[in-house]
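>>> I would like to see how this sequence folds:
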Amino acid sequence: MKSARERMDIISAYREVGSYRGAAAICATSPKTVRRVIERHEAGGVVPQRKPRSRNYESVAELVAGRVAKTKGRISAKRLLPEARAAGYEGSARNFRRLVADVKADWRRDHHRGRRPAVWSPGEHLVIDWGVIAGLHVFCAVLAWSRVRFVRFAVDERAETTLSMLAECFETIGGVPKVVLADRMGCLKAAVVADRVVPTADYVRLASHYRFRPDFCQGEDPESKGIVENLVGYAKRDLIIGCDLDTGADDRPVDLAAANEAARRWCAEVNAAIHTEIAAVPALRLAEHELAVLGGLPSLRPRITGPAVIRKVDRLSCVRFGSARYSVPTTAIGSRVEVRTHADRLTILSTGSPGGVVGAGVVLAEHRLVGPGEASVIDAHYGGPRPERPVRAVRPKTADEKAFCALGPVAQCFLTGAAAAGSARLGSELGELLALGQAHGEQALLDALARASAFRRWRAEDIRSILAAGAAAPRPRLAGEALVVELPAVSTRSLADYAVFTDTATPTAGRVEGDAS
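As a prediction, this is how the structure comes out:
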């Protein structure tokens, strides 16, 4: 800013030369400065007001203000720009974004809710929520005052799963808070009347059993339970990604048992560390202060699943559930059993129905849930592993068939092999084979049948040829097997019998001359 003396010099120079440029050259300043000083002097020493500049978006300002108010400040400039173009706006998108940002800021300034921070009391609130990442659902709960965190995984967010998670949370904490705060979950919400949530009957029964009051946050207001929203994001970043859990990608099944075990270790770790918000250890704060004011746990956990699913065990020693088959011990064939599901597991229990082998409530089998059309079979239910090939029992009917099969497994093996090879004359040749056994003896016939089965010769003429050859029949061996041959026994002599003497005298004892090699 120019001083009073400098301004007087500029005014004198202007009066002398009569132009802005001339006065600027004399006073060593710019023509704009000269013009401002002269205009201020002619206005009586008052700075003249700047004329407002027109904006190219003034024609659509009312349109933008109306749309922002209608959407409560949530609409974006990108969505509004086509409407503004249709209304005659010809400016740039950047300039339009400035208009929308200013209008939204003005709207929020006049419509702010004046939110205040939450004040938690010991034993008062438990806040719950669900999250999902890569198909794996995570249930999160926070005991508000002590900040104790509870995290578990599931494959769905059904009402049975949510209530089971809530019961497990109470048992892990060791008590029941007075209020359980949740958002408007569809699995816990039966209806909404005058913006008040009506909980489901199952949720009310669970709340009555554990003696807590169910509460729901305001609609479209997730900030009212931000304490658990932060935990959901923390679990996704630190637990799911940090522990490298298998989230079911690449069509692989999710191992919920391993995931929940990792969640238990993670909860024990974070609850034993200092929480930055309260500057204390949540586990110690719970044990020393809040646990004493929590409600006690009931002696029994309530039945959380829906109505009992009863199935009858079929002749395959299986029950059908969800268009899939699940095996049970063969001793339960024909009896009625109860089927229960939790997460990705299926449990089959006895019902104690008349004719049952055990009492009610005994676990007969546990399986992992499989897809429709599939089967989950446990070999122990059938007495052993499944054979590599199906076994077809031999059931003789005619007299010749019964006499031939009575020879033993060797005869049955020959019969099975001949049938598989397509021997059309097998039925008429059984009598001839029995006659050969009477002529040569039963053991000789069995040896011939075994040799014929090994070399895949299935006709009666082949058996007769083998019997005729008898011991002279060759015994081939597979490559690499030891060849055992019985050599004939011959008489042997001492090496002294091969000695050569140089004289005709009889050699003395112990002295032998010549080369005996």
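>>> do you know the pLDDT at I241?
Note for I241: predicted pLDDT of 69.
>>> next one: G356
The per-residue pLDDT reported for G356 equals 57.
>>> where does E157 sit: helix, strand or coil?
Secondary structure, DSSP: H, G, I helix; E, B strand; the rest coil: E157 is coil.
>>> and for G373?
Under three-state DSSP, G373 falls in the coil class.
>>> the nearest residue to it once chain neighbours are set aside and A201, how far apart?
With sequence-adjacent residues excluded and distances taken as Cβ to Cβ, 6 or more residues apart in numbering, G373 is closest to S323, at 6.2 Å. In this view, the C-beta of every residue, glycine as well, is placed from N, C-alpha and C. According to Cβ to Cβ, to the nearest Å, S323 and A201 sit 29 Å apart.
>>> ok, R35 next?
Relative to A201, R35 is positioned 82 Å away (Cβ to Cβ).
>>> kindly report the same for I463.
79 Å.
>>> what is the helix or strand where M8 lies packed up against?
In this assignment (DSSP states H and E), M8 forms part of helix 4-17. Helix 4-17 sits against helix 20-27, helix 31-42, with contacts defined as 3 or more Cβ pairs under 8 Å, 6 or more residues apart in numbering; DSSP states H and E.
>>> got a list of what R35 touches?
Y20 (Cβ atoms under 8 Å, 6 or more residues apart in numbering).
>>> hang on, G361 packs against T347?
No: under the criterion of Cβ atoms under 8 Å, G361 is not in contact with T347, lying 10.9 Å apart.
>>> looking at these two, which has the bigger crowd around it?
Using other Cβ atoms under 10 Å as the criterion, G361 and T347 rank with T347 on top: 16 against 10.
>>> returning to that earlier point: list of residues touching the helix holding M8?
For helix 4-17, contacts defined as Cβ under 8 Å, 6+ apart pick out 2, 20, 22-23, 26-27, 29, 33-34, 37-38, 41.
>>> give me that answer again for 6 Å
23, 26-27, 34, 37-38, 41 (Cβ atoms under 6 Å, 6 or more residues apart in numbering).
>>> elements contacting the longest helix seen in the chain?
In the chain, with assignment by DSSP state H, the single longest helix is helix 93-110. Under the contact criterion of 3 or more Cβ pairs under 6 Å, 6 or more residues apart in numbering; DSSP states H and E, helix 93-110 touches helix 61-70, helix 77-86.
>>> what pairs with the next helix-or-strand element following it, parallel or antiparallel?
Later in the chain than helix 93-110, the nearest helix or strand by DSSP H and E is strand 125-133. Here strand 125-133 is paired, per DSSP bridges, with strand 136-143 (antiparallel), strand 179-182 (parallel).
>>> what sits up against the longest one?
The list of residues contacting strand 136-143 from outside it, by Cβ under 6 Å, 6+ apart, reads 126-131, 149-154, 157, 165, 169, 227-228, 231-232, 235, 247, 254.
>>> and what of the last one?
With contacts defined as Cβ under 6 Å, 6+ apart, strand 179-182 is touched by 125-128, 212-216, 225.
>>> ok, back up a step: just the mean pLDDT for the longest helix of the chain, thanks.
Per-region confidence: helix 93-110 scores 92 on mean pLDDT.
>>> send the alpha carbons of it over as CSV?
C-alpha atoms of helix 93-110 as CSV (Å, rounded to 0.1, in the frame of the first residue of the first chain):
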residue,chain,number,x,y,z
ALA,A,93,-17.2,-29.5,-15.6
ARG,A,94,-14.5,-28.2,-13.2
ASN,A,95,-16.4,-24.9,-12.7
PHE,A,96,-19.6,-26.8,-12.2
ARG,A,97,-18.0,-29.0,-9.5
ARG,A,98,-17.1,-25.8,-7.6
LEU,A,99,-20.7,-24.7,-7.7
VAL,A,100,-22.0,-28.0,-6.3
ALA,A,101,-19.3,-28.1,-3.6
ASP,A,102,-20.3,-24.6,-2.4
VAL,A,103,-24.0,-25.4,-2.4
LYS,A,104,-23.5,-28.7,-0.5
ALA,A,105,-21.3,-26.9,2.1
ASP,A,106,-24.0,-24.3,2.6
TRP,A,107,-26.7,-27.0,3.0
ARG,A,108,-24.7,-29.0,5.5
ARG,A,109,-24.0,-25.8,7.5
ASP,A,110,-27.7,-25.2,7.9
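>>> show me what counts as buried in it.
Of the residues in helix 93-110, 96, 99-100, 103-104, 107 count as buried by neighbour count, 16 or more other Cβ atoms under 10 Å.
>>> can you check stretch 438-455 too?
For stretch 438-455, the neighbour count (16+ other Cβ under 10 Å) marks 440, 445-453 as buried.
>>> can you check stretch 409-423 too?
410-412, 414-415, 417-418.
>>> remind me which helix or strand E388 belongs to.
Following DSSP H and E, there is no helix or strand that holds E388.
>>> burial of it, as a residue count?
For E388, the count of nearby residues is 5 (other Cβ under 10 Å).
>>> now do R40
Neighbour count for R40, taken as other Cβ under 10 Å: 15.
>>> just to revisit the earlier point, mind putting the helices and strands packed on helix 93-110 in JSON lines, mean pLDDT and mean neighbour count included?
What follows is the helices and strands packed on helix 93-110, written out as JSON lines (pLDDT from 0 to 100; neighbours: other Cβ atoms under 10 Å):
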{"stretch": "helix 61-70", "mean pLDDT": "93", "mean neighbour count": "16"}
{"stretch": "helix 77-86", "mean pLDDT": "93", "mean neighbour count": "15"}
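>>> can you add distance to A393 and give those back as a markdown table?
Shown next, in a markdown table, are those (distance: least, Cβ to Cβ, whole Å):
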| stretch | distance to A393 |
| --- | --- |
| helix 61-70 | 80 |
| helix 77-86 | 75 |
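>>> and those: which comes nearest Y498?
Closest approach to Y498 among the helices and strands packed on helix 93-110 (Cβ to Cβ): helix 77-86, 115.7 Å.
>>> now do the closest one: everything it contacts.
By Cβ under 6 Å, 6+ apart, the surrounding residues in contact with helix 77-86 are 60, 67, 96-97, 100.
>>> reformat those as a markdown table; add distance to E338.
Listed next are the contacts of helix 77-86 as a markdown table, based on distance: Cβ to Cβ, whole Å:
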| residue | distance to E338 |
| --- | --- |
| V60 | 67 |
| R67 | 58 |
| F96 | 65 |
| R97 | 62 |
| V100 | 61 |
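>>> out of the helices and strands packed on helix 93-110, nearest to S121?
Across the helices and strands packed on helix 93-110, closest to S121 is helix 61-70 (Cβ to Cβ), at 38.3 Å.
>>> name the secondary structure element that contains D215.
Counting by DSSP H and E, D215 is part of strand 213-216.
>>> then stretch 330-347 to PDB, C-alphas only?
Only the C-alpha atoms of stretch 330-347 are listed here, as PDB (Å, rounded to 0.1, in the frame of the first residue of the first chain):
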ATOM      1  CA  THR A 330     -25.800 -99.000   9.300                       C
ATOM      2  CA  THR A 331     -27.400 -99.800  12.700                       C
ATOM      3  CA  ALA A 332     -29.700 -96.800  12.200                       C
ATOM      4  CA  ILE A 333     -31.300 -98.000   9.000                       C
ATOM      5  CA  GLY A 334     -35.000 -97.400   9.200                       C
ATOM      6  CA  SER A 335     -35.000 -95.200  12.200                       C
ATOM      7  CA  ARG A 336     -35.800 -91.500  12.400                       C
ATOM      8  CA  VAL A 337     -33.000 -89.000  13.100                       C
ATOM      9  CA  GLU A 338     -32.800 -85.200  13.600                       C
ATOM     10  CA  VAL A 339     -30.600 -83.100  11.400                       C
ATOM     11  CA  ARG A 340     -29.000 -79.900  12.600                       C
ATOM     12  CA  THR A 341     -26.800 -77.400  10.800                       C
ATOM     13  CA  HIS A 342     -24.400 -74.800  12.100                       C
ATOM     14  CA  ALA A 343     -22.100 -72.800   9.800                       C
ATOM     15  CA  ASP A 344     -20.700 -75.300   7.300                       C
ATOM     16  CA  ARG A 345     -21.300 -78.400   9.500                       C
ATOM     17  CA  LEU A 346     -24.200 -80.800   9.700                       C
ATOM     18  CA  THR A 347     -24.900 -83.000  12.700                       C
END
